[in-house]
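Engineer: Please work out how this folds:
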Amino acid sequence: MPNIVLIVGSGPDAVRCRDWPRTAFSSIVVINNAWRVRPDWDYLIHPDDFPDERLPSDQRSRAASIVKSDAFVPAQNAFGGFVYAGGTMAFTAGYWVLKALRPDVIAFLGCDMIYPNNAPTHFYGFGTADPLRDDLTLRDLEAKSGRLFAKALRYGTVCLNLSNLPESRLAIPRVNLRFIERLSPLRIKALRAMLEGAIDPISIETADTLEAELGYFVEHGRYWEHVSDFDEAALEKIDQRWRSSVGQLPLSVPPSDACWGRSRARKADIVQQERRVGRDVSSHIVEGA
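Structural biologist: Sure, this is the predicted structure:
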């Protein structure tokens with residue numbers, strides 16, 4: 001069975017996974033309040049300032065693992081640190097899962113980082129739009145998404161977005177549950193090869209070089225204590241390279257594309273799909289299509 005990890009955030013559509021079969025995923029990781037969505041999560045990841053009164057009070061937390069900064073800071077540091085990776089929990093959870101669980105696939109739900117003015121912002125109603133705060137590491141969420149996608153792919157992991165909302169700033173290819181359920185080791189290998197053909201290795205190499213040259217690494221993770229040391233223009237230049245690295249990713253991968261058979265995946269296989277992963281989605285992926 002493939003190692004497929006579901007990461008659930010607090011976006012409005014997180015509740016869609018309440019009735020999803022547990023057998024589709026090796027592990028379920030919930031962020032902050034998302035432990036309320038379904039009871040069978042394996043890991044709850046939250047920042048140290050998350051209020052205790054919002055944590056589960058029953059026995060579930062004893063059977064599962066609580067992941068805090070002593071675990072996720074070293075994990076995110078292994079991939080370059082918070083300044084480059086982005087200081088919000090959707091990205092932090094992704095890097096922690098990469099390091100700790102080494103999955104074949106990470107499937108995100110409820111991590112779109114879209115906060116409408118006239119509709120609920122979270123599955124429980126209205127909450128704080130954390131990724132939209134004035135933070136030097138979060139000026140370009142699409143670039144940070146691209147960085148996570150590219151880093152994960154080079155680590156052997158495919159990141160996918162299970163959202164069916166009309167917008168998402170988690171700029172990675174969208175799929176539906178049926179796609180996930182049909183994944184096999186062979187199909188994941190083909191999918192990985194297909195997506196590797198759609199990213200730009202030169203942009204990735206340039207971004208990695210620029211990050212290394214700047215050396216903006218804060219080992220303890222509290223990067224906000226050193227904001228005055230960071231060059232905003234230099235970070236924007238890095239973000240541009242990460243955006244470019246994933247500029248040719250398909251917006252979504254239809255369920256039928258999970259059946260590539262034994263033929264070798266090529267970049268040409270995705271030419272007819274939409275070429276860019278962006279904020280707006282003109283047509284939603286139908287669940288179970």
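Engineer: you'd agree I31 is up against I45?
Structural biologist: Yes - look at I31 against I45 with Cβ atoms under 8 Å: they come within range, at 5.7 Å. C-betas here are computed from N, CA, C, even on glycine.
Engineer: phi, psi of the closest residue to A34 other than its chain neighbours?
Structural biologist: The spatial neighbour of A34 that comes closest, neighbours along the chain excluded (Cβ to Cβ, 6 or more residues apart in numbering), is V8 at 4.5 Å. The phi and psi values for V8, taken as degrees, to the nearest 10, are phi -110, psi 120.
Engineer: before we move on, back to that, so I31 and I45 - more neighbours on which side?
Structural biologist: I31 (28 against 25; other Cβ atoms under 10 Å).
Engineer: dump the residue contacts of that one.
Structural biologist: When contacts are counted by Cβ atoms under 8 Å, 6 or more residues apart in numbering, I31 touches I7, V8, G9, S10, L44, I45, H46, M89, A90, A93, C111.
Engineer: Test my guess that E196 contacts G156.
Structural biologist: No - in this structure, E196 is not within contact of G156 by Cβ under 8 Å, at 10.6 Å.
Engineer: between those two, which one's more packed in?
Structural biologist: Neighbours per residue, other Cβ under 10 Å: of E196 and G156, the larger number sits with E196, 15 against 12.
Engineer: mind listing what the closest residue to the more buried one other than its chain neighbours touches?
Structural biologist: What sits nearest to E196 in space, not counting adjacent residues and going by Cβ to Cβ, 6+ apart, is L153, at 6.2 Å. Contacts for L153 (Cβ under 8 Å, 6+ apart) come out as C159, R192, L195, E196, I199.
Engineer: Restricted to buried residues, select these in PyMOL.
Structural biologist: PyMOL command restricting the contacts of L153 to the buried ones, with burial defined by 16 or more other Cβ atoms under 10 Å:
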select buried, resi 159+192+195+199
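Engineer: Which members of the contacts of L153 define the maximum pairwise distance?
Structural biologist: C159 and E196 (12.8 Å; Cβ to Cβ).
Engineer: what residues are up against L6?
Structural biologist: C17, A24, F25, S27, I28, V29, A107, L109, L162.
Engineer: So which of the contacts of L153 are in strands?
Structural biologist: Under the assignment DSSP state E, those contribute C159 to strands.
Engineer: Identify, from the contacts of L153, the entry nearest to E236.
Structural biologist: I199 (20.5 Å).
Engineer: Lovely, talk soon.
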